[in-house]
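Peer 1: predicted structure and sequence below. I'll ask about it afterward.
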Amino acid sequence: MRRHIAVAVMMMFAALTLAAQEDKSKRPSPPGTAEVTFGDGKKVTIDYSRPYAKGRQVMGGLVPYGSVWRTGANEATSLKTDTDLVIGGTTVPAGSYTIYSLASEDSWKLIINKQTGQWGTEYHEDQDLARIDMKVTSLSQPVEQFTIGFDKKSGDAAQLNLQWAKTQASVEVKEKK
């Protein structure tokens with residue numbers, strides 16, 4: 001009898017463990033990763049969730065004007081760098097951060113925040129390392145799913161792009177030498 005109870009308890013524990021390990025790829029806003037590797041092998045990685053527009057108003061709606069946005073969905077968007085960076089002229093030391101953004105109709109700011117590991121809507125301005133101006137351009141074709149990416153420029157520089165709907169916000173990311 002004790003053996004049956006022990007087996008039942010172990011099976012229940014295994015089932016609960018599996019249920020707790022959510023497959024994030026099945027979420028309505030699945031995970032995405034953007035990476036750039038510099039000429040010396042050092043890397044910058046951004047992990048985020050990728051919401052879809054699904055016919056909703058993106059700019060001024062899902063991306064609110066004048067309010068801090070989580071820059072994705074679900075958990076807060078993380079930036080990890082194993083080298084010191086210069087982002088849009090601002091020094092960002094090697095380490096782990098959270099990215100937020102602040103959008104208006106004609107300008108964006110990239111917010112580098114020192115708090116990490118939180119849900120995306122948990123934002124504390126007193127933890128901001130920097131607020132960095134981004135260049136805003138109109139895309140010729142709309143982007144249905146929010147996308148973060150890097151365009152490599154040279155061995156130690158890239159352009160960080162945030163794209164959704166018909167908007168792209170971008171800023172230069174360089175390895176600090």
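Peer 2: Good, I have the coordinates. Numbering: from 1, shown residues only.
Peer 1: now the helices for this protein?
Peer 2: 2-20 (DSSP state H).
Peer 1: got the buried residues for the lengthiest strand in it?
Peer 2: Counting residues, the longest strand in the chain under DSSP state E turns out to be strand 128-154. Judged by neighbour count (16 or more other Cβ atoms under 10 Å), strand 128-154 contains these buried residues: 128-132, 134, 136, 143, 146, 148-150. (C-beta placed from N, C-alpha, C; glycine too.)
Peer 1: wait, which of those is closest to residue 46?
Peer 2: residue 148 (5.4 Å; Cβ to Cβ).
Peer 1: any idea of the pLDDT on that closest one?
Peer 2: At residue 148, the pLDDT value in this model is 98.
Peer 1: try residue 17
Peer 2: So, for residue 17, pLDDT stands at 46.
Peer 1: first to last residue in stretch 74-88, what's the distance?
Peer 2: One end of stretch 74-88 sits 26 Å from the other (Cα to Cα, to the nearest Å).
Peer 1: avg pLDDT for it?
Peer 2: On average, stretch 74-88 scores 96.
Peer 1: just to revisit the earlier point, okay if I get the buried residues of strand 128-154 as CSV plus distance to residue 100?
Peer 2: Listed next are the buried residues of strand 128-154 as CSV, based on distance: Cβ to Cβ, whole Å:
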residue, distance to residue 100
128, 8
129, 11
130, 11
131, 9
132, 11
134, 12
136, 16
143, 20
146, 14
148, 13
149, 18
150, 18
